Structure formats: structure tokens, C-alpha cells
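J.: this one's sequence-less:
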């Protein structure tokens, strides 16, 4: 049986079809996810700078909306390698697990000659992921998503910030109204359901959640089992981080 979580801990994501314009509008208010993001940082004694934290949070929003615009059975991971500041931002989302999580990598990050965006999409465990790489400009995740859609999805999309930590992704469908789409702005998106004929296709629920455990982390260290001194040095215990959410776990020699 799946874990039961109160509804208020989820971000409710609506997938809305805009009739006659032939676009999909995916909309959500992200306060529940952002609240759990900060609880996670506090529990793990992590602190991100304001700028990078803001970028990471908006990547959560963009990936969640993108995941809802995609088929159910996909798990998607995005990594953005920024040149300045030198950092990797990682986010991953799964519709089947109704989750999104992520982290920053600030140590031992190679410096690229340009900002690079990597996407991996997996449809089932063990399957070879579908990957794409593109150069992105600036530090705005909403603009990155537009660039990603044009290159990898091969259709235009626009993302919008609305008040109260609400975001909307507008993704073009076949035979979309190009002139209307090009003229879309935040005001028009805010009034979309008042001014256009729309239909809510589905509603999904997402939360900030990784699902990592010490038992899942230990196999990552399996290659060190025959040479523990290289891993532990003079210590009897080390701290390892989850590669997905940066949660910290103490690992002793006898655990290997």
C-alpha cells in the first residue's frame, strides 16, 4: 500500500486545455513544495545562497509543470551546469510517485565554457534514458524551459510567474494559434480561464520528497568494500550525501 500523505502537503497541479488556441496550460501554486524544501534544508543543516536557492526553487516548479505536461509513466531529471557561479543544479520528478526533489552541487564542479542544460527521461526502471543537452542563456529557469521546448520538444512553450508562488507553463499543441501565443503576457495568462474557453483535463498532486534511505545509499559505496581505508582514512565513520537531495547519512566501517 502506498504511503498516505495529507492532501494539504501536496501541490495541486492542473492541466488545462485552451480550446480554439490549441495550447496546454499547466498551473500550480508551489507553497507546499517550497515549505517542504526549506524544512528539508533545516533538517539537513544545509544553507543555500539566496540567488541559487531561488533558481533551484523555480527549477522545481518548471520541472513539475513539465512532468504534468508529459505522459504519466516518465521520471525526468534535469541538471544545469552554470559557468558563473560555478554550480550544478539538479532536480528530478516522477508523476507515478507524485514527487519532486533536488539539490545544489557546489564542490568539485567543472567550469564549462557556457551554461549547459541536461535532460534525462526514463519510462521504466532499468530502461535506457532518453537524453538531450543544450546550451542555455542567463540564469532564469523560465527562459531555460522555453529554450528546452524549442530544441528538445520541438514545439514552443512559455512559462509565467504569477502572484503567490504560482507558475503557469503554456505548451503549444498541433495547429496552435501562433499569433495569440506570441502575444501572451502575464496579464493574459492570469485571466486565461475568464477570457478563453478552457477545460481541465486532469489534476495531479506533487510534493517535495526524495525517498532516500541509508539502505539505498549503501550500495553506492559497494566499490569501496575491499579498500575501506581509502574511504574512511583514520576515521571509523564518514558522512555521505544523497546524490538526489543532499540528505546526510552516517556510515561506519562495519556497514560496508
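T.: Looks like it came in fine. Everything numeric here is computed off the predicted structure, so don't read it as measured data.

J.: what's the mean pLDDT across stretch 160-174?
T.: Mean pLDDT, stretch 160-174: 97.

J.: quick check: end-to-end length of that stretch?
T.: Start-to-end span of stretch 160-174 (Cα to Cα, to the nearest Å) is 21 Å.

J.: what does stretch 16-28 give?
T.: Stretch 16-28 end-to-end distance (Cα to Cα) = 11 Å.

J.: buried residues, it. List them.
T.: 16, 17, 18, 21, 22, 23, 24, 25, 26, 27, 28 (16 or more other Cβ atoms under 10 Å). For the C-beta atoms, the positions are set from N, CA and C on the backbone; glycine is no exception.

J.: now for these, which pair is the farthest apart?
T.: 22 and 28 (21.6 Å; Cβ to Cβ).

J.: strands along the stretch 1-150 of the chain, start to end?
T.: Using DSSP state E, counting those that start in this stretch, the strands found in the stretch 1-150 of the chain span residues 11-18, 23-29, 75-82, 87-94, 99-105, 116-122, 130-135.

J.: for the last one, packing partners?
T.: When contacts are defined as 3 or more Cβ pairs under 8 Å, 6 or more residues apart in numbering; DSSP states H and E, strand 130-135 packs onto strand 116-122, helix 141-148.

J.: buried ones in the helix or strand where residue 229 lies?
T.: Following DSSP states H and E, one finds residue 229 within helix 228-232. For helix 228-232, the neighbour count (16+ other Cβ under 10 Å) marks 231, 232 as buried.

J.: cool, and stretch 193-201?
T.: 196, 198.

J.: picking that back up, looking at the buried residues of stretch 16-28, which is nearest residue 47?
T.: residue 28 (26.2 Å).
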